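Student: any chance you can model this:
(2 chains)
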Number of protein chains: 2
Amino acid sequence: MAKPIKHILRKKAIFKVNGSLWIECEGNRFFGPGPVELLERIIDTGSINQAAKQMKMSYKKAWEIIHVLNEHSAHPVVIMQSGGQRGGGSLITKEAIQLINYHRSLRKRFKKFLENETEKLSF
Amino acid sequence: MAKPIKHILRKKAIFKVNGSLWIECEGNRFFGPGPVELLERIIDTGSINQAAKQMKMSYKKAWEIIHVLNEHSAHPVVIMQSGGQRGGGSLITKEAIQLINYHRSLRKRFKKFLENETEKLSF
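Tutor: Predicted coordinates for the structure are as follows:
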């Protein structure tokens, strides 16, 4: 058991354990807060183009993220529809919703882990 | 409780939950794997200059990391000694050792968290 670090850290300053989390497949990150936000915005706007604009991301970048998500899924999470400007609308599948929900519960568990660790800093 | 995502992810591929962790003070990251590695290499080599070289980092960058670590600590973790090339040797304090040990135990708990989450991917 390592010693507490409260006495090492500067007094009267607020310290926090923080971090980031993602899912990788054979070493390549493909899923995390960014792709989830993109999926959520595609649901909101019904359009990859609009979702990308809101995130200040190029259409190409958004398309790549979705392509990688689809590639790593048993069934596509976004179905591109042809026709219209920028390839028409996009259909979000129930798998995308499940991924978003999974991510929410994962974030919740991670938040708890970080809060626990932050609390330990003051012991 | 969110549904398991096993059936959403592509079959026959190996997925892993991974992440990174750091400590921040009022929004600024100041402690994580990088600074810890630097401290460990200063212990090994007895020199900030050597440690920085091994990490392919400029002496200035290494010095900044140590400066920030010292600033956030109740007592300095590295004491710069004057004289000689590049400001002489560096003295690692017992607080630095405690920080390294704390970081090891934190990483252990984080590793367990990530392993648990990775296991859940296959449920």
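Student: and residue A:72, how many residues sit next to it?
Tutor: Using other C-beta atoms under 10 Å in any protein chain shown, residue A:72 has 20 other residues around it. Where C-beta positions appear, they are placed from N, C-alpha and C, glycine not excepted.
Student: now do residue A:115
Tutor: Applying other C-beta under 10 Å, we find 12 residues neighbouring residue A:115.
Student: give me the element it is part of.
Tutor: Per DSSP states H and E: residue A:115 is located in helix A:94-120.
Student: tell me what that helix is packed against?
Tutor: Contacts defined by 3 or more C-beta pairs under 8 Å, 6 or more residues apart in numbering or on different chains; DSSP states H and E place helix A:94-120 against strand A:15-25, helix A:33-45, helix B:94-120.
Student: quick one: mean pLDDT over it.
Tutor: Helix A:94-120 carries an average pLDDT of 95.
Student: out of the helices and strands packed on helix A:94-120, which comes closest to residue B:80?
Tutor: helix B:94-120 (12.9 Å; C-beta to C-beta).
Student: tell me which of the helices and strands packed on helix A:94-120 sits nearest to residue B:13.
Tutor: Per C-beta to C-beta, nearest to residue B:13 of those: strand A:15-25, 5.3 Å.
Student: after that closest one, which helix or strand is next?
Tutor: strand A:28-31.
Student: buried ones in stretch A:25-43?
Tutor: Buried residues in stretch A:25-43, counted by 16 or more other C-beta atoms under 10 Å in any protein chain shown: A:25, A:30, A:31, A:32, A:35, A:36, A:37, A:38, A:39, A:40, A:41, A:42.
Student: among the residues you listed, which one sits closest to residue B:47?
Tutor: Among the buried residues of stretch A:25-43, residue A:32 lies closest to residue B:47 (C-beta to C-beta), at 38.1 Å.
Student: so in terms of bridging, what pairs with the spatially closest residue to the closest one that is not a sequence neighbour?
Tutor: Leaving aside its chain neighbours, residue A:32 sits nearest to residue A:22 (3.5 Å; criterion: C-beta to C-beta, 6 or more residues apart in numbering or on different chains). Here residue A:22 shows beta-bridge partners residue B:18, assigned using DSSP bridges.
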